[in-house]
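K.L.:
Make a model of this:
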Amino acid sequence: MHSLWRSKAAAAPENKEDLLSRYFDKATHYYIVGRFAYFAGVIPTAGNLFHHAIEMSLKGCLVGTHNEAQRRRLGHNLHRIWRRFKQQAGNKTLSQFDATIADLNPFEDLRYPEKVRGWAIHFELMRQPTATIGSVPRNTRQFLLYLNEIDELVAALFRQAKLNPKFFKRSLRASGTAVLTKENVTGGIW
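P.N.:
Next comes the predicted model:
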């Protein structure tokens, strides 16, 4: 009987509006916790959480054109998801975030300790890019995270999805709202 229920549930059509909202709800949670980790100096967790936030937002934006199996096949590779999203969106201004995606994508590699065995790792966690990033020793993998760029990307994804960020802030406690708006260059959208 249990397997019969599962097959019926799996066959039900997707409610695209509901899924879009659910993806952005999850993305907002990852984003807030990523900002908390950023301000707490918890590296590389902040980058990994931001990676998840952007991945959820992008997959949410793809709900209208990609079914569940197609979204799953995209995996966690932000480059692949980003290319698909930009192609669908047809918004040339999104290219301004190509470097942000390129910087954020490698943070997925830090999710599992086995993937970083033997690496020397250098992190740069900054509000925005500067010309003073020093060189790193050979055989060192560098991870860059610019909070202002991530904040702007999140705002752009909300605009592209035509969603109101304030709706996703409604259930937060004051501490969550404080982390969300702290030094956020897009604070007015929240």
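
K.L.:
And L62, how far from K166?
P.N.:
Distance, L62 to K166, by Cβ to Cβ, to the nearest Å: 23 Å. C-beta here means a position set from N, CA and C on the backbone, and glycine is covered the same way.

K.L.:
Tell me which of the two has more neighbours.
P.N.:
Higher neighbour count among L62 and K166: L62, with 21 against 10, using other Cβ atoms under 10 Å.

K.L.:
Can you report phi and psi for that one?
P.N.:
Main-chain torsions, L62, degrees, to the nearest 10: phi -90, psi 0.

K.L.:
for the one 5 residues further on, same thing?
P.N.:
Phi and psi for N67, reported as degrees, to the nearest 10, are phi -80, psi 180.

K.L.:
nearest residue to it other than its sequence neighbours?
P.N.:
E14 (6.8 Å; Cβ to Cβ, 6 or more residues apart in numbering).

K.L.:
any idea how far the one you found lies from R71?
P.N.:
On the measure of Cβ to Cβ, E14 and R71 end up 10 Å apart.

K.L.:
For the two, list the residues in contact with both.
P.N.:
Common neighbours of E14 and R71, using Cβ atoms under 8 Å, 6 or more residues apart in numbering, are V63.

K.L.:
Show me which of the two is the more surrounded one.
P.N.:
R71 (20 against 12).

K.L.:
The helix or strand hosting the more buried one: which residues count as buried?
P.N.:
Using DSSP states H and E, the element containing R71 is helix 68-73. If you call a residue buried by 16 or more other Cβ atoms under 10 Å, then helix 68-73 has these buried ones: R71.

K.L.:
again, but for stretch 78-91
P.N.:
So for stretch 78-91, counting by 16+ other Cβ under 10 Å, buried means L78, I81, W82, R84, F85, K86, A89.

K.L.:
can you check stretch 169-189 too?
P.N.:
So, applying 16+ other Cβ under 10 Å, buried residues of stretch 169-189: K169, L172, G176, V179, L180, N184, T186.

K.L.:
before we move on, what about stretch 38-58?
P.N.:
Buried, per 16+ other Cβ under 10 Å, within stretch 38-58: 38, 42-58.

K.L.:
so of the residues you listed, which ones are in strands?
P.N.:
Within those, no residue falls in strands by DSSP state E.

K.L.:
residues in contact with the residue nearest the centre of the chain?
P.N.:
Taking Cα atoms, centre = their mean, the centroid of the chain lies closest to I54, which sits 1.6 Å from it. For I54, the contact set (Cβ under 8 Å, 6+ apart) comprises A27, L78, I101, L104, I150, L153, V154, L157.

K.L.:
Just flag the most distant two among the residues you listed.
P.N.:
A27 and I101 (14.6 Å; Cβ to Cβ).

K.L.:
More neighbours: these two, which one.
P.N.:
Each of A27 and I101 has its neighbours counted (other Cβ under 10 Å); A27 has more, 25 against 21.

K.L.:
Might one say that the more buried one is in contact with S57?
P.N.:
Yes - counting by Cβ atoms under 8 Å, A27 does reach S57; the two are 4.2 Å apart.
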